[in-house]
Structure formats: structure tokens, C-alpha cells
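A.B. asks: Prediction below, plus the sequence it came from.
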Amino acid sequence: MPAPIKLPQHASLPSAIYGNDEPVLAGVAVRDDADRTRLPRFGDDLWDLGAAIFRVNARYSNYRLNLARIADPVTRRLAKEYVIARLRIHVPGYRAPCGATSAIRLLRYIQHFAAFLRARTGAVDLSRIDQALLDAYLAYARDGGRRTPHETVKYVEVPIDLHHLAPWLTGGGIGFLPWRGRAAHRVAGRPPAPAENATPRIPEPVIGAMLRWALKYVEVYAPDILAARAELDALEARCARLMARDARAGRAVAKNYRARVAKWLDVRRAMGRGVPIWEHAPNVARRIDPLTGEETPPYNLHLMRLHAGAPQSGRISQSEPTARLIEKAAAELGTEIGGLDTPISIDPDTGLPWRERFDGLSLAREERMLQGACYLVCAYLTGMRDSEVQAMQPGCVSPVRSADGLVERYRLRSTVYKRHGARGVTADWITIEPVARAVAVMEVLSARNRREKELSSLWVALKDWPWSNDHLGMGATPTLNLFREGLDTRSEAAPAIPRIGDEPWKFTTRQLRRTIAWYIANRPFGTVAGKIQYKHASVAMFEGYAGSAQADFRLAIERERALGQLDDIVAHYEAYLRREGPAGPGAARLRREFGRVQEELGDLPGRILDRKRLRTMVAHLGRTLHVGFLNDCLFDAATALCLTGAPDAERTAPALSRCSPDRCPNACLTARHREPWQASIVEGEALLADRRLSPLQRTAILRDNERKCRLIAPLMDGDA
């Protein structure tokens, strides 16, 4: 093993502001369970800020600062003073203190600035800085255009901070106001944040397929995965007992292992099962099947050594008599992929087992797939942020029962951090049964890792490598994409998750919240995964949202509703250009408006449409558009038939369930509405085939079908 690298030790220079015993986290909120005697002090060169971290899934490397790596004593002192000031000092009119998780980035940025100063001036001396030097640093921070304006902002903030934090820096900071007081984002050239949420919305075919598979994992596949893990844990415990017994008896010899393997093979022979091989080879080793000549993964010697009580697989494979025993059994019994005893459930969609039996590696892969499925269900069907999902702990879900004892809803308790400081606040979400099932699965799936590492979060890292993080943390996004990749790999024909263009969709955790907000706002009666109606999910959510800490999800819904209305009216216009509508009593009004827009924009075939200008011109229509299943409504309370007799307090939105699409002057239809009307007409024709109908019933159905046919006729012949 190579000797550890020793860093040159240079004592930090004394600070004029802080003594060496000054607590770094003085005035900073720390956890109640923190040991105050072990908190870092200014004179230390290793600062562990974990006591100020309340999020259980924070990465350890994000709050452990090794200042001994900074060889220059002046830079080290400046870095210490700068980080402490940013953690503790509130500069009115400038900025509030940052959280402890930002400290590692602050250290990186101040070192970058100090390295520039040493290279340009030969020393880290803030009193020698002028604006010309800062302009040179701006060019240096841009790294020849390789660093984006969004990234450059963080580097530009450092010299601005060093001016405002001058009273808390030895020798003072930068004496003049950098860039004449311009904000860092303007100096770096970062454009203002767009009014519209830039997070992409997941297309319906993609999220529909993902959630359908996620629910199948939670409802159908999870029992097999959890049972296989319990079986493997029991096997490993039994193997440990056998090894301990052999050690006490002094008989850990090859013939004992061979006898146990032979006994185990006899059991498999009686069950009609083959010798286990890996599903996918764990290394470069391969096996040639003597009967077919095909190359297959090697024998699952890991499973055999567990049954034999051997410390390594080599104790099985390197014994020639044992190896011959295994080869003979394989020739007689054949082979079996996996080898664990846990039976595999039948996939209700195919009528076949959903996979081969498990081995240790395939089980670990399926556990990570199951974790991704549970995360998707929990995040998407609650609208929770990633930090809120990952703050969930065992026992966080409880049923909400009706007066007669039936479960109506489920209450999910977690922590909200956004706009609530480092500690966050405890809040409740009301949710639906699939989420409760996913949480129950995660409680079992994470139990072993939580127990071994003494963790409280449900979302732990399932890999057991020593260098792995304890918590899922930033691995949530890779886990979602791993789930998608695993589904696509399993699909023999087309990808299981539809592609957008030629590329698979790249998931992020933020997309889930934005997507469900949009669908609740704009397609409340749509369904996802073929079974869950957005209206059902939203009613459950909002039952717990009113007045609570996470009520800003309602604001997100309203923002998405406004954007969705604008998108829908643009879709109406594009359908108008394709001669696919509109139809209905409100069509004349839309055609007049669209004709005016078309004339002004000059939308001729082959001409590129100015979509930004189009959205501006039809925005007034979008604000009144309400999307429905049978028709859309260009809402005008004065002419809305659905509000006849309604009090003024209720005349703010249409009652689409009471709409009369063939009579109300606000109603309009496009090709999107054609299919449900056609289905209704077909249903009426089926009723007319019943000879038991009375003449009165037959006449009523005929007239109703004629009314429906007249309504959608413009959508059928393209003359709308």
C-alpha cells in the first residue's frame, strides 16, 4: 500500500478578527444532538460543519473543509475569515448568511480568486486591487468562454463579497465598490430569469409509461425482490454460522465443503432444478455449455459457497473433486439462471414470470430499480420537492379514516426546507394509496442499510461499498434514469419508455413536480398509467395543502394553468391553420380572432411562424380558455349557460360538467374532442338496435345522435 500523501504544514497567520478558539459556528443554528465540545474552531485546519446540517441526505464532502490543503498562510487565513463571514454575517441591503452546505463551494471560489491574485500580483493583498485587475479576473473567470455566465456569476460574487465583508477581514477587504455596484449577474452577463419555468415538462407518453412501470414494480415485483433479499440475508447469516462452527472445530477443509455442496445439489435434483449460473457474468469468466457449445455466464459459485459455509468462492472452484461434482450435476440437471429459491410472480400483462430467478447481482440491480420506482411514485403523485421526499422517515405515512372506519386518504409527514431556514418545518401531505404502498416498500427495502449505518431516512444508498454515500442524495436523478434504462434494456422490441425524437428522455427530479402541476392545472380529468386520474390525486393533495407550509404548490398549479391556457389557445390556432376546427357555437368568435391574427402575421404556407409574437397576440384569449373533455370553453360569465341562476360569487369559472356544447356561445371544439363524441354516437346506435325500446325512447336517442353529428360535422369534413 503506498504511503499517504503528506501535505506541507504551514501555520495559519493570526487573525485580527478572530482568536484561534473562536467557534466557527457561533450564531449559526446547530442540531440539538450536536456535541458542542467538538465544534470546529477558527484555529483548526479541518472544519466539520455537520452540526449545522439538518438535511439527513446532505453529502458528507459538502460540509467537511480541509483547509490544511491551502499551502499559502495568507490565503488560508483569508479563506477562513471569508467562509465564517458568509456563514454568520448579514449585510443589510446586500445578502443574508448562507447555509453550511455552501461552505465547500465558497472555499473553492475564494481559492480561485486568490490563485489569480498570486499569479498576477505575486501576493494575496486585497489593498492592491483596482478595477482593471477585477476586469482581468472577470475574463479569467470566464475561462475563454468555456464557463457559462451562470457559472461565472459565482466567481464574480467573491470580490463583491470581499468589499461588503471588509469589516470582518484582517487588513480590510477591497476598498472600492467593484464594477460600480453592478450586480454580479449583470457583470457576468447572465440573462434575467425567464418568467416561464425553464424546467422541461415530461411528455405525457413518457411519464405515462414510466409511472405505469413504476406502479407495476411497487405492486407486482416488489414482493419478489424483498423476499429474495430476505432469503439472501438468511443465507449469509447461515454461512457465517457455519464458518464460525468450522473454525471452532478446526475442520474447514475441502471435503466438508464438497459434502455440503453435494447435499445441496441432491435437494435441487429432487426439485427438478439445474445448477445455478449467473444472469450476467460478474467478470470476464465464461462457461462453454458442453451440450450446446454456447458461451454462457459461469456457475454461480458465490451462491454455492454460501450453502457450503466457505469463506471464498475459490474454496469451491479450486477443489478438483468439487469442480467435477458440479460439472457432473450440470450435465445431468442442466443449468438455471440465478439460483435463489424465491419464486417469481406472474406478470399479469404477459401471463409469464416477470424475470428469471435472482442471483446476488441481479437482485442488487432490481433493488435499485425498485428504489427508482418508489421515488417516482412518491415524488410525482405528491408534488413534493426532492428535499421533501428525501426527508421522509419510517412511519411517515398514516391512514386518514372516515367516520365509518374506512381509509379515505393517507397522511404523509415530512420536512419543508425551502424558505424555512436550515431547520425546515414539519408538514403534512394528504396523498393516495399508491404513495402509501411505495413508502411501505421503501421501509422494507432500506431497513438493512438503515440498521447497519444507523440512518433515519428512507432514501439510503443501496450500494454497500465503503466509499458509497450513506444517503441517496444527489443520486436521485441518476436513479430515475437508471430505472428508465433498465426498462428499455428489458424491452426486446421498441423501448419501454417512448423516445422523444431519437433520444431517451433525460429525467431530473424537478421535472416531476412541474409536470404534475401542469396536468392538474390543465388536464384534471386525464389519467396517467391507465388508472390514476389527476383530479383524484389533486383533490387528495389540496385537502392537505390549504394553509400549510407547502401551500406554494397551489401557486405552482396556478402558474402552470396560465401557461397551459396559453399553450392550448396556440394549439387551437394551429388547428385552425390545418382546417381542423374550431367547431361549436363559440367557433365564429375564434375564427374572427384567428383570421385577424393570421392576416397580421401573414401565416402563409412555408413561412416560419413567429411563435413569441403569436403567443402575445392570442394571450387575451388564453386567459379565458378552459379545457374540457367534450369541449373547451372561451369563458364569458355573461353568456355562460352553465351559470344560469348561479350567484355572483360562483360566476368566476365555468361549470364544464353542466355545459351544453351545442347551445352555449362559449363552447368550441377541435379534433381533440372528436373521439369521445364519436364514441357517444356509437353507443347511441347500439341502443337503437334494441327492439325493446319504446317509440318515445327511440325518437329521443335519434334526435340526440343527430344533435351530436351536427355538432362535430365540421370536424369530420375539414370545412370548419
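C.D. replies: Done, it's in.

A.B. asks: so where's the stretch 1-150 of the chain uncertain?
C.D. replies: Along the stretch 1-150 of the chain, the parts satisfying pLDDT under 70 run over 1-11, 60-61.

A.B. asks: try 90
C.D. replies: Across the stretch 1-150 of the chain, residues meeting the criterion (pLDDT under 90) sit at 1-13, 31-37, 50, 53-64, 99, 101, 144-145.

A.B. asks: Can you show me the strands along it?
C.D. replies: Here the stretch 1-150 of the chain has its strands, by DSSP state E, counting those that start in this stretch, at 46-48, 64-66.

A.B. asks: any residues touching the first one, and which ones?
C.D. replies: Right, strand 46-48. Here strand 46-48 makes contact (Cβ atoms under 8 Å, 6 or more residues apart in numbering) with 24, 40, 63-68, 83, 103. Yep, even glycine has a C-beta here, placed from its N, CA and C like the rest.

A.B. asks: same check, this time on stretch 357-369
C.D. replies: 217, 221, 224-225, 228-229, 232, 276, 278-280, 282, 300, 302-303, 336-342, 344, 355-356, 445, 462-463, 479, 482-483, 486.

A.B. asks: Tell me which residue is most central in this protein.
C.D. replies: By Cα atoms, centre = their mean, the chain has its centre lying nearest to residue 509, at 2.7 Å.

A.B. asks: The closest residue to that residue other than its chain neighbours: neighbour count?
C.D. replies: Of all residues not flanking residue 509 in the chain, residue 386 sits nearest, at 4.0 Å (Cβ to Cβ, 6 or more residues apart in numbering). Counted with other Cβ atoms under 10 Å, residues neighbouring residue 386 total 21.

A.B. asks: Now do the contacts for residue 386.
C.D. replies: 379, 476, 509-510.

A.B. asks: Low-confidence ranges, the stretch 301-450 of the chain, go.
C.D. replies: Within the stretch 301-450 of the chain, the segments meeting pLDDT under 90 span 313-319, 381-385, 399-411, 416-433.

A.B. asks: hmm, back to that, what about the contacts of residue 386, which one has the most neighbours?
C.D. replies: Per-residue neighbour counts (other Cβ under 10 Å) across these peak at residue 379, which has 25 neighbours.

A.B. asks: Let me see the backbone angles for that residue.
C.D. replies: In terms of degrees, to the nearest 10, the main-chain angles of residue 379 are phi -70, psi -40.

A.B. asks: From residue 318, how far out is residue 312?
C.D. replies: Applying Cβ to Cβ, to the nearest Å, the value for residue 312 to residue 318 is 9 Å.

A.B. asks: What pairs with the longest strand seen in the chain, parallel or antiparallel?
C.D. replies: Counting residues, the longest strand found in the chain (DSSP state E) is strand 407-416. Under the criterion DSSP bridges, strand 407-416 sits next to strand 397-401 (antiparallel), strand 425-431 (antiparallel) in its sheet.

A.B. asks: ok, residues contacting it?
C.D. replies: Strand 407-416 has contacts (Cβ under 8 Å, 6+ apart) with 382, 384, 387-389, 391-393, 396-402, 424-433, 435-436, 439, 540, 543-544, 549-550.

A.B. asks: Name only those of the residues you listed that count as buried.
C.D. replies: Neighbour-count burial (16 or more other Cβ atoms under 10 Å) applied to those gives 382, 384, 387-389, 391-393, 396-397, 424, 427-432, 435-436, 439, 540, 544, 549-550.

A.B. asks: Can you give me the domain boundaries for the protein?
C.D. replies: 36-188, 221-337, 360-545, 558-717 (automatic domain parsing).

A.B. asks: Could you dump these into CSV with distance to residue 212 added?
C.D. replies: Shown next, in CSV, are the domains of the chain (distance: least, Cβ to Cβ, whole Å):
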stretch, distance to residue 212
domain 36-188, 28
domain 221-337, 13
domain 360-545, 4
domain 558-717, 21
